[in-house]
Structures are given as structure tokens and as C-alpha cells.
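S.K.: curious how this folds, go ahead:
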Amino acid sequence: MRVASRTGPRPNGIVKSVVPGSIAETVGVEAGDEILAINDVAASDILDFRFHESEEICNLDFKKPDGRMESVSIEKDPAEPLGVQFGEDLFDGIRTCRNNCPFCFVYQNPRRMRRTLYIKDEDYRYSFLHGNYMTLSNLSEEDWDKIFTMRLTPLYVSIHSTDPATRKKLLGTKQERPIMEHLVRMTEGEIDFYGQIVCIPGWNDGPDLDRTLQDLLPLHPHFQGLALVPVGLTRHREKLVDLPSYDTAAASRMIDHAEELGRQLHDRFGSRMLYLADEFYLIAGRPVPPMSYYDGYLLREDGVGMIRKFTDEFLELLPEFREQGFEGPPPPTVIATGRAASGMFSETVLPALEKLEGLDVELATIPNQFYGDSITVAGLLTATDYRAALKGKLRGRRLLIPSSSLRDDGAVFLDDATPAGLAEELETEIVAVSDSAEELLRVLRGEAPASSTFQDSPSPGIAVYGS
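M.R.: As a prediction, this is how the structure comes out:
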């Protein structure tokens, strides 16, 4: 199997930092050192390192930036970590996807963007570490052995359909990509999994969804739940298969069907196990379900329950926010979001905030010009979109944007513009805030740091750009 990397060949794990007072510091490991092996195993990722550092005897081989080789043997409590922190989770590069799904977002990017946006990553290690979805179609026997030996559970699987012909069509391959034999193998190895279906009307909803669910249910309790997400289509689909999308009627039918299935599953298993992404309700013009629907928000990263969770947290924290007041006169503020969350802000958040004396807040719903009107989530808004909607309109107000619009390190938008550059163009301060009601209220109270990067911010969810 070919192993690909975002940036070409990499060295072994490079130490980003060492915990002060830790074992690693005591034996001379420093930032910039290259970990060559632990217990004679060349670690290919952070999982290898953490797995072997949990042993009572740790033999560590590492290389200094000047080329000096060091080897130490450490006897310790197996539960005590060495204290080594890495800048990346994967040392050997990220595994790439072998499929050609017609709905893949990589294919729906415009041309001439940065190279990393065209990498189709599919790595089982990211599935375990970060909840990324994988199709199980690029695993080697060595990978399976590692999953079982290290008990990498739960994993997150893009199922889409269990019918071989339908799944082949959805994955865009000439060869079949059977899924059930892999899922059975996982459960026999005591590995739990969550599933995802990107739903396309008439392709894998309706009867095909019923079949998929019936195939998965015998794998319970290792089968933990299934997220249903409507297909997202950008305006950049030249030479791609023409796909239907959900309109109001189709989304309503999907909701009715899935909610009935969920009720039956809840009666049978005590858990709904089938969860619709918020977008289905927004497309249908129907309210999102109550908190009890989501069974603890197990699949929130799929957009399942994000609106309900934010709303409930906001209303719960609001009385304390009123009581504590502000640390100083709050600056006039514009909260920007995409069309998906606009209703939540306009119906619940803004009316409550407008009642607070001294707080001047407006809402800006940002259309997505970069990817197209059908893309409504705030995480896919670009500097192009913010600029088009807000240029010359902020009137000295600071701008709050969701940090999901930015790369994980806060450096750039999807269109390669920087938040600092956008702040200069809009002549305002931009505050990037995580999708947390608590973080939003903290910013409004005046707790945003005077920092320009995520890494330096006292709160990991807040970053400030501009002056």
C-alpha cells in the first residue's frame, strides 16, 4: 500500500516541547530532538510512542539537532508518561483515500488553491485520534494488527450504504468496496464504531437506508450510532456527476422516515442510534429536536445537534452572564455566521443579548459566494465571503467570526487569506471564537486576550486579529 504525505517524506517524531520536571527532561530530551525509536520500535506516529511509553522499561533512542545520537534506558511506573509532546500526530505522513466519491469536497474546490486542500486524506489513526471518517478501503494487514493490538476504539466509518452496488456507485470506483466484512472483523476484535452516511436523494436514502440499518443492527453494541448528513454541493462541480440535493419536501420526508426509525430503535435498544444532521431540519424549515433526541451529542462533529447544544448552553449560562456584567464598556460588536446558524442567533441569541444594558450587538448572516449559496455552514465561509458582505459596513464595530472558518492553527481561511489581512481590509478587530456559547459570552464580557494566535491565547477557543 502506498503511504502518502502532505509535505513529502518526513523524519521521525520531532519533539515540540518537553513537560517541565518530566522524565524526558531529566534524561535530556529537548525540543527539536528527533525520536528514532522507543523500545527498539521506530515510531511512525504518536500512537506507537504512547503505546510503548506505557511499559515499565523504556529504551529511548533520539538524535539532537546537531546530529549527536543519544540512547537512554528508563525504569518507571507504566502509568507515568515520559512528558514528550509532538507537533504532529503522524510521523510518516497521512494515508490518502483510494476512492472517487462524486460528492467528495476535495473535487468541489476551485482551482489554484493551496495544495493541502486537494489531498484526500483517509487515515485510520486520525479516525481514532480526532473522529475523522474513513471508508476502511485502504487498510493493510499491518494496520488491522495495530488497530487490534492497541485497541483503537472507537473508530468512525463512512458507510454510505451496505449494498455493494450502491456503495460502489457512491465511492466512484470500478471495483466493489465491501464494507460489512470489515465491520464484522472490527466487532470480532472488540472495536466499537460510529457510522456516517452522506445522503443523496434517491440514491441511498429510503429503502437503501432501511437495508443499511438492518445490516448494521446485528453488530450492536459495537455499532454505536449512525449520522445522516445531506450531500453538500458547491458551485465548482465541472466534469463531476450531476447529483440531486435535498429540497424542503425531500428533507421533510427524510426527517419523518429517520425519526420513526429512531423511535423504534430507542424502544429496542434504549438509544436512538440514528441521528440527523441539523441541516436536514434547516432545509425542511423545521425546528431542531430537543436535547433528549441526541443521546448526549455523540456525533456533534457531524453537525448533529450543534444548534440545540449551543442554544441550550447559551440559555443556561445567560443568567450568570447578566449577573457578572462586563469587565469594561463592551465595544460595539457584529457577530457573523453562516445561513445555517442564522436562525438560532436571530431567534434566541440576539433577542436575549439586546436586552442587556450597555451591550451593542448586531448579527451578520454571511452568504457563501466562494462555494455557492447551497453551502450554508459557517465553517466553509472564506475571507472572500466576509469581505463581500461586510466591506465598509462595520462602522467601527469589532467582528466576531467562528474559528471553524480558519485552519486549525488559526493561520488562514480556505481561500488562503489571513484573518489579520482581512482585519486590515475591513478596518476592524476580528475575534475568532469557537462554537461554544461559553466562549461567545466570555468575549462579549471582555475576556478576549490581546493575542494574535491560537497557540498564545489563554483560551484555546479565542484568537484576536487586528487592533
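
S.K.: so who does Thr153 touch?
M.R.: 128, 190-193 (Cβ atoms under 8 Å, 6 or more residues apart in numbering). Glycine gets a C-beta too; all of them are placed from N, C-alpha and C.

S.K.: residue ranges of the helices in the stretch 251-400 of the chain, please?
M.R.: Using DSSP state H, counting those that start in this stretch, the helices found in the stretch 251-400 of the chain span residues 278-284, 306-324, 339-344, 350-354, 383-390.

S.K.: between those helices, which gets nearest to Val184?
M.R.: helix 278-284 (29.5 Å; Cβ to Cβ).

S.K.: what helices or strands is that closest one leaning on?
M.R.: Contacts defined by 3 or more Cβ pairs under 8 Å, 6 or more residues apart in numbering; DSSP states H and E place helix 278-284 against strand 223-230, helix 248-269, helix 306-324, helix 339-344.

S.K.: isn't Pro178 up against Pro164?
M.R.: Yes. Between Pro178 and Pro164 there is a contact under Cβ atoms under 8 Å: 5.9 Å.

S.K.: about what we covered before: could you flag which of the contacts of Thr153 are buried?
M.R.: Buried members of these, counted by 16 or more other Cβ atoms under 10 Å: 128, 191-193.

S.K.: strands - which of those residues land there?
M.R.: Phe193 (DSSP state E).

S.K.: pLDDT and distance to Leu261 for the buried ones among the contacts of Thr153 - can I get that in a markdown table?
M.R.: Shown next, in a markdown table, are these (pLDDT from 0 to 100; distance: Cβ to Cβ, whole Å):
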| residue | pLDDT | distance to Leu261 |
| --- | --- | --- |
| Phe128 | 96 | 28 |
| Ile191 | 98 | 25 |
| Asp192 | 97 | 21 |
| Phe193 | 97 | 19 |
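
S.K.: now flag whichever of the buried ones among the contacts of Thr153 is closest to Pro332.
M.R.: Comparing those against Pro332 with Cβ to Cβ places Phe128 closest, at 44.4 Å.

S.K.: domain-wise, how is the chain divided?
M.R.: Following automatic domain parsing, one finds the domains of the chain at 13-86, 105-303, 309-465.

S.K.: so which of the ones you listed gets nearest Asp92?
M.R.: The nearest among the domains of the chain, by Cβ to Cβ, is domain 13-86 at 4.3 Å.

S.K.: endpoints of that closest one, how far apart?
M.R.: 7 Å (Cα to Cα, to the nearest Å).

S.K.: where does this protein have low pLDDT?
M.R.: Filtered on pLDDT under 70, the chain yields the residue ranges 1-11, 408-410, 448-467.

S.K.: grab the nearest non-local neighbour of the residue most central in space within it.
M.R.: By Cα atoms, centre = their mean, the chain has its centre lying nearest to Glu301, at 5.5 Å. Distances taken as Cβ to Cβ, 6 or more residues apart in numbering place Gly131 nearest to Glu301, at 5.3 Å, with adjacent residues excluded.

S.K.: quick one: the one you found and Gln196, what's the gap?
M.R.: Per Cβ to Cβ, to the nearest Å, Gly131 is found 10 Å from Gln196.

S.K.: more neighbours: which of the two?
M.R.: Gln196 (22 against 15; other Cβ atoms under 10 Å).

S.K.: list the residues that contact that one.
M.R.: With contact set as Cβ under 8 Å, 6+ apart, Gln196 has these partners: 133, 156-160, 226-227, 229, 299, 302.

S.K.: same check, this time on Ala258
M.R.: Neighbour list for Ala258: 209, 228, 274, 276, 280 [criterion: Cβ under 8 Å, 6+ apart].

S.K.: which ones are touching the first one?
M.R.: Looking back up the chat, that one is Leu209. Taking Cβ under 8 Å, 6+ apart as the definition, contacts of Leu209 comprise 197, 199, 228, 257-258, 261.

S.K.: can you check the third one too?
M.R.: By Cβ under 8 Å, 6+ apart, the residues touching Leu274 are 213, 225-226, 228, 258, 261-262, 265.

S.K.: roughly how far apart are the residue nearest to Thr384 when sequence neighbours are not counted and His266?
M.R.: Spatial nearest neighbour of Thr384, chain neighbours left out: Phe370 (4.7 Å); criterion: Cβ to Cβ, 6+ apart. The gap separating Phe370 from His266 is 40 Å, by Cβ to Cβ.

S.K.: same question, Arg114
M.R.: 44 Å.

S.K.: more neighbours: these two, which one.
M.R.: His266 (16 against 12).

S.K.: hang on, isn't the more buried one packed against Glu260?
M.R.: No. His266 is not in contact with Glu260 according to Cβ under 8 Å; the separation is 10.8 Å.

S.K.: wait, a strand at Glu70?
M.R.: Yes. Assessed by DSSP: H, G, I helix; E, B strand; the rest coil, Glu70 belongs to a strand.

S.K.: tell me the contacts of it?
M.R.: Neighbours of Glu70 in contact, by Cβ under 8 Å, 6+ apart: 28, 33, 61-64.

S.K.: of these, which is the most crowded?
M.R.: Ranking the contacts of Glu70 using other Cβ under 10 Å puts Phe62 first, with 24 neighbours.

S.K.: what sits closest to Leu152 if chain neighbours are left out?
M.R.: Leaving aside its sequence neighbours, Leu152 sits nearest to Phe128 (Cβ to Cβ, 6+ apart; 4.2 Å).
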